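Undergrad: Below is the sequence, then the predicted model.
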Amino acid sequence: MLMQLFQRPNCLLNRRNRYQLLTTLIINLISVSHGIGIGWLSPTLRKLQSDNEVGFRVESEFEMSWVGSMLGMGSVTGNILIGCLLGRLGSKRCLLFIALPHSCLWILVYFAQSVEYLYVGRLLAGICGGGMYIVHPIFLSEIADAKIRGTFSAMVMLSVNVGVLVGYIMGTHMTYYSIPWIVLILPLFYLVSVLLFIKESPMHLIRKGKYSAAERSFRYYKNIKDSDNIHEQNKAMEEFEVMKIALTKGDSLQDDITYRDFLSRPALRAYGPAFVLLVANQFSGLFTMVNYMSDIFAKSGSTMDPDTCTIIIGAVQILGTYVTTLLCDICGRKLLMLVSTGGVAVSLTAFGFFTQYAQSHDVSEYSWIPLLLMSLDIFLGNIGLVGCFFVSLVEMFPVKIRAKAASMAIVVCSSFVFVMLNIFPICMKQWGISATMWSCAGVTAFSFVFFTYFMKETKGKSMLDD
């Protein structure tokens with residue numbers, strides 16, 4: 001029975017999928033480390049707003065918003081940088097590069113003497129994250145089989161959320177100066193592992209005309225050995241030849257992408273759903289709230305400890321993205337998106353009503369309600385809007401413009417990250433927490449209606465198809 005389970009094509013431990021799984025786990029070491037940097041900020045910001053061991057304070061909403069939003073500015077920089085380099089240098093070199101700014105983040109955190117050090121550190125963290133969100137989904141889509149591609153792509157956000165939870169815990173319970181040197185172990189181990197175990201994607205090598213290297217890479221990621229059954233080897237090589245023909249048809253013209261390719265019918269059909277997906281992903285507030293979670297609970301009317309609530313939310317995030325890895329290739333992307341957007345809209349609306357009621361009534365007996373509602377919001381948001389975001393975005397675009405269009409879309413997303421991280425604490429101060437939550441709920445409700453009518457299912461789609 002167990003052997004039959006391992007032989008299923010969608011089993012991650014299937015012999016054909018094992019090196020794809022190993023590769024996914026290795027490259028997501030940097031995702032975990034990036035998540036630690038995100039989660040660490042929430043409890044640390046609250047400490048830095050009062051007298052602390054560090055010797056400087058974050059004293060105003062302006063400084064707090066810029067510490068948060070520099071991640072978005074860095075993310076835009078990382079998107080553009082890796083988007084330009086990916087086609088020239090290939091995935092492996094880009095994977096190696098993103099570890100460098102992330103390592104510098106923790107060095108700056110350790111030696112920080114003013115809030116400006118955190119500005120620069122968060123900018124570098126954003127460059128790492130922005131590059132990671134470009135190279136990871138595209139690289140995984142090029143090496144993974146269609147039956148498990150969604151699961152592997154969802155692991156990116158699962159890994160980030162694991163890191164966020166670790167960051168919440170470390171920021172709450174460990175001293176400021178002990179954290180950087182512990183976390184630095186991850187990017188260093190990641191660098192060594194990428195050098196030893198990661199090969200360039202066969203699609204990139206084919207585009208560069210390196211057909212022998214592409215075949216070796218294909219055999220590595222499909223776990224095909226010379227000692228295998230000759231029938232299995234021939235079947236796999238036929239698959240490789242199909243990929244090679246699809247990527248080289250038109251020869252030199254294949255690499256010359258013009259503005260007409262961005263105006264083709266498949267491309268135009270993809271822009272609407274892609275833009276709404278970007279808006280929903282960021283203006284639902286899911287990522288922004290992760291950065292300011294402790295402050296949200298402190299202002300919610302709940303008497304529970306904000307840092308404890310934040311750690312619980314971190315665990316809920318992991319559960320949500322783990323559910324995505326289980327269901328993404330079973331239920332499909334569209335269903336998870338609909339459940340996610342509808343659930344987030346309802347949860348945030350209810351959260352807004354509770355906080356509004358708490359301003360004029362004693363709700364100490366119901367302090368658990370904000371935690372429950374925010375847990376629902378984060379869980380439901382992560383099973384679709386977060387967990388399926390990258391795989392859906394990459395699969396929407398036609399093959400010829402996929403890498404460039406996805407890169408540009410993620411640049412737009414990172415710009416939204418910057419805007420939301422910058423304005424969210426200001427909105428909570430000027431509008432109040434209730435109106436801020438209702439605004440996010442309205443955006444998500446619109447997205448639910450749009451996805452219902454205009455989003456196409458891409459489960460099982462070949463990455464060689466438009």
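TA: Sure thing, it's come through. None of the values given here were measured: they were computed from a predicted structure.

Undergrad: what about the protein, any weak spots by pLDDT?
TA: For the chain, applying pLDDT under 70 flags the ranges 1-13, 15-16, 51-52, 249-256, 460-466.

Undergrad: so who does the most centrally placed residue in it touch?
TA: Nearest to the geometric centre of the chain sits residue 157, at 4.4 Å (Cα atoms, centre = their mean). Residues near residue 157 by Cβ atoms under 8 Å, 6 or more residues apart in numbering: 31, 321, 324, 382, 386, 387, 389, 390. C-beta coordinates here come from the backbone N, C-alpha and C atoms, glycine included.

Undergrad: in the one helix or strand it maps to, what's buried?
TA: Using DSSP states H and E, residue 157 sits in helix 149-173. Buried residues in helix 149-173, counted by 16 or more other Cβ atoms under 10 Å: 149-172.

Undergrad: and if you look at stretch 91-102?
TA: Across stretch 91-102, burial judged by 16+ other Cβ under 10 Å covers 91, 92, 94, 95, 96, 97, 98, 99, 101, 102.

Undergrad: need the residues you listed in JSON lines with distance to residue 282 and secondary structure, can you?
TA: Shown next, in JSON lines, are the buried residues of stretch 91-102 (distance: Cβ to Cβ, whole Å; DSSP: H, G, I helix; E, B strand; the rest coil):
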{"residue": "91", "distance to residue 282": "25", "secondary structure": "helix"}
{"residue": "92", "distance to residue 282": "29", "secondary structure": "helix"}
{"residue": "94", "distance to residue 282": "23", "secondary structure": "helix"}
{"residue": "95", "distance to residue 282": "25", "secondary structure": "helix"}
{"residue": "96", "distance to residue 282": "28", "secondary structure": "helix"}
{"residue": "97", "distance to residue 282": "25", "secondary structure": "helix"}
{"residue": "98", "distance to residue 282": "21", "secondary structure": "coil"}
{"residue": "99", "distance to residue 282": "25", "secondary structure": "helix"}
{"residue": "101", "distance to residue 282": "22", "secondary structure": "helix"}
{"residue": "102", "distance to residue 282": "22", "secondary structure": "helix"}
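
Undergrad: Mind picking the one among these that's closest to residue 82?
TA: Among the buried residues of stretch 91-102, residue 94 lies closest to residue 82 (Cβ to Cβ), at 5.3 Å.

Undergrad: show me the contacts for the closest one.
TA: Residue 94 touches 82, 85, 86, 131, 134, 135, counting by Cβ under 8 Å, 6+ apart.

Undergrad: would JSON lines of the residues you listed with distance to residue 60 be doable?
TA: Formatted as JSON lines, the contacts of residue 94 follow (distance: Cβ to Cβ, whole Å):
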{"residue": "82", "distance to residue 60": "33"}
{"residue": "85", "distance to residue 60": "37"}
{"residue": "86", "distance to residue 60": "39"}
{"residue": "131", "distance to residue 60": "31"}
{"residue": "134", "distance to residue 60": "33"}
{"residue": "135", "distance to residue 60": "36"}
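
Undergrad: quick check, nearest of these to residue 74?
TA: Nearest to residue 74 among the contacts of residue 94, with distances taken as Cβ to Cβ, is residue 131, at 9.6 Å.

Undergrad: Do I have it right that that closest one meets residue 78?
TA: Yes - between residue 131 and residue 78 there is a contact under Cβ atoms under 8 Å: 4.0 Å.

Undergrad: my guess is residue 369 meets residue 357, correct?
TA: No - contact criterion Cβ under 8 Å: residue 369 and residue 357 do not qualify, at 9.7 Å.

Undergrad: Which one's more surrounded, the two?
TA: The residue with more neighbours, out of residue 369 and residue 357, is residue 369; 19 against 14, by other Cβ atoms under 10 Å.

Undergrad: Against residue 433, how distant is that one?
TA: Separation of residue 369 from residue 433 (Cβ to Cβ, to the nearest Å): 14 Å.

Undergrad: go on, residue 236?
TA: For residue 236 relative to residue 433 (Cβ to Cβ), the value is 56 Å.

Undergrad: These two - which one has more neighbours?
TA: residue 433 (24 against 17).

Undergrad: contacting residues for the more buried one?
TA: 296, 299, 300, 352, 355.

Undergrad: give me phi/psi at the second one?
TA: Which is residue 299. The phi and psi values for residue 299, taken as degrees, to the nearest 10, are phi -100, psi 0.

Undergrad: I figured it hits residue 427, correct?
TA: No - counting by Cβ under 8 Å, residue 299 stays clear of residue 427, with 11.9 Å between them.
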